[in-house]
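Enquirer: sharing a sequence plus its predicted fold:
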Amino acid sequence: MSPSTSGFSALIVGFALTCGCAAAPVPQAKVVSSAAAIRTAQELRADETPTSQLRLQYAKDEYAQAQRLIADGDSEKAELWLARAEADAELAVALAKQARSERAAAAAQAELRNVNAK
Amino acid sequence: MFMKSLRILAALTFPALAGCAAALPPQELLNAREAFSRASSSPAARYNPADLAAARQALDRAELAFADDPGDSKTRDLAYLAEVKSLTAEARGRNVENEQAHDTAEAQYKAMAGSKLDAKNAALANDAARIQATGMALIAEQHRRSDVEKRLHDAMSRLTALAMVKEEPRGTVITILGNVLFASDKSELLAGAAERLNAVADALVAEPERSVTIFGFTDSKGDFSYNQSLSERRAEAVRAYLISRGAKADQLKAIGKGPAEPVADNQTAEGRANNRRVEIVIAPAKESSDFYSP
């Protein structure tokens, strides 16, 4: 290792340490995937049924809370709230789909009973 | 002595109490455990075990955080995540189950609707066959009718060559001169009568519904009551012959008219010959209730 490279390495390590001490920033990917989950839930009409609508609302609130924590520099907590927002958005989608498939199955079964009764 | 034992008791009890208080899991963790347990026994175990595994992992992290530091607020956040993931796993499993129930019902519906349709088609084919059979029967009946018509027509045209046939309001009147049928003063049919009467019989057999009256007439020569009786016997002889040729007995009536209703001058031999006659009157066909009337 040449003296110049070792000096450069020390500079990088020092920079990294200072950054870490100030606040390890929330990985942008986590923010993006959390926001994307909420957008997906909205696009899949997760506000259609009361239970999924509630979860979507939670997700939005949690995402807003995460943004506040990021602004306050509390990255560790912000990451947790981003995860909560993402999980709630996914639950909203799953609940909406479940309600939809339940209605479709009930309709198909009613149709079957109808044709059997004829 | 008492105080000492009390102190020992306190020393034993306090840490236990403290331990209990510290070990009390937050509501979020209780919720997460319950949600995961419910998800584990839901269709998710069968349809989407990966989601269930993710929930399990989240619950493990929450349990670990709780064991590590029961008072840490991180436990509650992780437990909340575990609960939401458990609920998601369960919802996704139920969604798959619903979709399968839907597909099954739809397949059964299609199969059932198909078989109902088949039954309906079979019924339609049956109807068509019945209609065709009815049509064929109708055509057969028409053929039979026109056969009858033809036989009647044939008989009539044969008769027209052999006897006088007239259409009158009382019906078809066939007049056969007496000297063709009977010898003088006799009521036994001559051999030559057969040809003419056979043609009449054929016409009557073809038209069993029409009633027939056979009138016997004489000329005015001789005793009235003798002539009357002769005309009756002659009419009866014709009737008996027609019945022997297949005409129905209840279709035929024989009436002797004697010298009544002459058609020609009784003063001349030719006129008298014309008055000695037999008239066979076939009444007009009654209105038929059948679907086919000629």
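Expert: Done, it's in.
Enquirer: interface residues of chain B facing chain A?
Expert: B:74, B:77-78, B:80-81, B:84-85, B:87-88, B:91-92, B:94-95, B:98-99, B:101-102, B:105-106, B:108-109, B:112-113, B:116 (Cβ under 8 Å from any Cβ of the partner chain). Heads up, the C-betas are built off the backbone N, CA and C, glycines and all.
Enquirer: return the subset of those residues lying in helices.
Expert: B:74, B:77-78, B:80-81, B:84-85, B:87-88, B:91-92, B:94-95, B:98-99, B:101-102, B:105-106, B:108-109, B:112-113, B:116 (DSSP state H).
Enquirer: hmm, which of those residues are the buried ones?
Expert: Listed as buried from those are B:74, B:77-78, B:80-81, B:84-85, B:87-88, B:91-92, B:94-95, B:98-99, B:101-102, B:105-106, B:108-109, B:112; burial here means 16 or more other Cβ atoms under 10 Å in any protein chain shown.
Enquirer: tell me, how many residues neighbour the closest residue to residue B:77 other than its chain neighbours?
Expert: Spatially, and ignoring its direct neighbours in sequence, residue B:77 is nearest to residue A:80 (4.4 Å; Cβ to Cβ, 6 or more residues apart in numbering or on different chains). If you count neighbours by other Cβ atoms under 10 Å in any protein chain shown, residue A:80 ends up with 22.
Enquirer: quickly find the element holding residue A:80.
Expert: helix A:75-117 (DSSP states H and E).
Enquirer: go on, residue B:253?
Expert: Using DSSP H and E, residue B:253 falls in strand B:252-258.
Enquirer: dump the next helix or strand after that strand to CSV, restricted to CA.
Expert: Using DSSP H and E, the helix or strand that follows strand B:252-258 in sequence is helix B:269-275. C-alpha atoms of helix B:269-275 as CSV (Å, rounded to 0.1, in the frame of the first residue of the first chain):
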residue,chain,number,x,y,z
ALA,B,269,-144.2,-48.6,-73.4
GLU,B,270,-141.0,-46.5,-73.4
GLY,B,271,-142.3,-44.2,-70.7
ARG,B,272,-143.3,-47.2,-68.6
ALA,B,273,-139.9,-48.8,-69.1
ASN,B,274,-138.3,-45.6,-67.7
ASN,B,275,-140.6,-45.4,-64.8
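Enquirer: pull out the buried residues from the helix or strand following helix B:269-275.
Expert: Sequence-wise, the next helix or strand downstream of helix B:269-275 (DSSP H and E) is strand B:277-282. Neighbour-count burial for strand B:277-282, counted by 16+ other Cβ under 10 Å, picks out B:277, B:278, B:279, B:280, B:281, B:282.
Enquirer: and those, which two are furthest apart?
Expert: B:277 and B:282 (16.1 Å; Cβ to Cβ).
Enquirer: tell me which stretches of the stretch 101-250 of chain B form strands.
Expert: Using DSSP state E, counting those that start in this stretch, the strands assigned to the stretch 101-250 of chain B run over residues B:164-168, B:171-177, B:212-217.
Enquirer: among the ones you listed, which gets the worst mean confidence?
Expert: Among the strands of the stretch 101-250 of chain B, strand B:164-168 has the lowest mean pLDDT, at a mean of 84.
Enquirer: sheet-wise, list the partners of that strand with their directions.
Expert: Strand B:164-168 pairs in its sheet with strand B:171-177 (antiparallel), by DSSP bridges.
Enquirer: what is the orientation angle of the strand it pairs with with strand B:212-217?
Expert: Between the axes of strand B:171-177 and strand B:212-217, defined by axes from the mean of the first three to the mean of the last three Cα atoms, to 10 degrees, the angle is 40 degrees.
Enquirer: now residue B:178. Nearest residue, chain neighbours left out?
Expert: residue B:276 (3.4 Å).
Enquirer: burial measure for the one you found, as a count.
Expert: Neighbour tally, residue B:276, other Cβ under 10 Å: 25.
Enquirer: ok, it touching residue B:180?
Expert: No. In this structure, residue B:276 is not within contact of residue B:180 by Cβ atoms under 8 Å, at 9.9 Å.
Enquirer: so what pLDDT did residue B:247 get?
Expert: 85.
Enquirer: distance of it from chain A?
Expert: 60 Å (Cβ to the nearest Cβ, to the nearest Å).
Enquirer: gap between the two ends of stretch B:173-183?
Expert: Distance between the boundary residues of stretch B:173-183 (Cα to Cα, to the nearest Å) amounts to 23 Å.
Enquirer: which ones are touching the closest residue to residue B:152 other than its chain neighbours?
Expert: The shortest distance from residue B:152 to any residue other than its chain neighbours is 4.1 Å, reached at residue B:206 (Cβ to Cβ, 6+ apart). Applying Cβ atoms under 8 Å, 6 or more residues apart in numbering or on different chains, we find residue B:206 in contact with B:148, B:151, B:152, B:155.
Enquirer: dump those into a markdown table; add neighbour count as well.
Expert: Below are the contacts of residue B:206 laid out as a markdown table (neighbours: other Cβ atoms under 10 Å in any protein chain shown):
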| residue | neighbour count |
| --- | --- |
| B:148 | 15 |
| B:151 | 15 |
| B:152 | 20 |
| B:155 | 20 |
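Enquirer: filter those residues down to the ones in helices?
Expert: B:148, B:151, B:152, B:155.
Enquirer: would you check that the first one makes contact with residue B:207?
Expert: What that stands for is residue B:148. Yes. Using Cβ under 8 Å, residue B:148 is in contact with residue B:207, at 7.4 Å.
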